[in-house]
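Asks: got a sequence here, can you build the structure:
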Amino acid sequence: MLLDIHTHRLLADASAALLSCCMRDVPLPEGARFISAGIHPWYLTREDYPRQLEWVVSMLNDRRVIALGEAGLDTLASTPSILQEKVFRQQIALSEALCKPLVIHCVKAWQQLITLKKETTPRMPWVIHGFRGNKQLAEQLIRQDCWLSFGEKFNPEAVQAAYPNRILAETDESLLSIQKIYQQLADTSGIDAQLFSNTLRENVRTVFTI
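Replies: Numbering: from 1, shown residues only. Sure, this is the predicted structure:
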């Protein structure tokens, strides 16, 4: 059962993790069972983005690809903002055309992200990965029908705002197990660990239709 919706580390139980990949990661681990493929704003240049886009499109023939991303906007990245938005829009379009959820990386570009969400009116779920923002930002994103995925570092009030209907969990680059992160999130929220786990399992099924 998929529990970890965003990781760059494929651990022993590959069936529990959604491995996030970009063209830099080729060749991909053969053991991966679930994959998200995207163009990360950190690794985006004018010269190579057409090749990266071709790679993402080619990856969609792989049945293991159940999501697009991570894609998004990052004001701290060296990539020009105009190019970031152009490529993000292309990945939004792919997500919609192929009916796959979009896993999003966003750093200090929240208003731009919300504006794009309103403008593009996507039908497919948008999952904000590694969310560390405060309760107010969490509530603002939830009002836009975004899902929030929490990892090792998180704001407890934001977790409480997202639970039960808009919350997911991930390891990203953490060495902690996804089970440990579930436990930490449940403890912080004052929720029974088994109930918390069951709720997130149902949310995973809802978002990724698996």
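
Asks: show me where this protein has strands.
Replies: When assigned using DSSP state E, the strands of the chain occupy the ranges 4-7, 17-21, 34-37, 65-74, 102-107, 126-128, 146-150, 167-169.

Asks: what packs against the helix of greatest length in the chain?
Replies: In terms of residue count, the longest helix belonging to the chain (DSSP state H) is helix 81-98. For helix 81-98, the packing partners by 3 or more Cβ pairs under 8 Å, 6 or more residues apart in numbering; DSSP states H and E come out as helix 49-59, strand 65-74, strand 102-107, helix 110-120. From N, CA and C alone the C-beta is placed, and that goes for glycine too.

Asks: buried stuff in that helix?
Replies: 84-85, 87-88, 90-92, 94-96 (16 or more other Cβ atoms under 10 Å).

Asks: do the same with stretch 198-209
Replies: Of the residues in stretch 198-209, those buried (16+ other Cβ under 10 Å) are 199-200, 203-204, 207-208.

Asks: and what of stretch 55-68?
Replies: Within stretch 55-68, the residues that count as buried by 16+ other Cβ under 10 Å are 55-56, 59, 64-68.

Asks: on that earlier part again, of the helices and strands packed on helix 81-98, which is nearest Cys146?
Replies: With Cβ to Cβ, the closest approach to Cys146 among the helices and strands packed on helix 81-98 belongs to helix 110-120: 7.1 Å.

Asks: helices and strands around the closest one, which ones?
Replies: In terms of contacts (3+ Cβ pairs under 8 Å, 6+ apart), helix 110-120 is packed against strand 65-74, helix 81-98, helix 135-143.

Asks: just the CA atoms of that helix, as CSV, please.
Replies: What follows is the C-alpha trace of helix 110-120 in CSV, where atoms were taken according to Å, rounded to 0.1, in the frame of the first residue of the first chain:
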residue,chain,number,x,y,z
TRP,A,110,2.5,31.1,-2.9
GLN,A,111,0.5,33.9,-4.3
GLN,A,112,1.7,33.1,-7.8
LEU,A,113,0.8,29.5,-7.3
ILE,A,114,-2.7,30.4,-6.0
THR,A,115,-3.2,32.7,-9.0
LEU,A,116,-2.3,29.9,-11.4
LYS,A,117,-4.7,27.5,-9.6
LYS,A,118,-7.5,29.9,-10.0
GLU,A,119,-6.7,30.7,-13.6
THR,A,120,-6.2,27.1,-14.8
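
Asks: tell me the angle that helix makes with helix 81-98.
Replies: Between helix 110-120 and helix 81-98, the angle comes out at 40 degrees (axes from the mean of the first three to the mean of the last three Cα atoms, to 10 degrees).

Asks: helix 110-120: how far from the chain's middle?
Replies: Helix 110-120 sits 16 Å away from the centroid of its parent chain (Cα atoms, centre = their mean, to the nearest Å).

Asks: tell me the angle that helix makes with strand 146-150.
Replies: Using the same axes, to 10 degrees, helix 110-120 lies at 140 degrees relative to strand 146-150.
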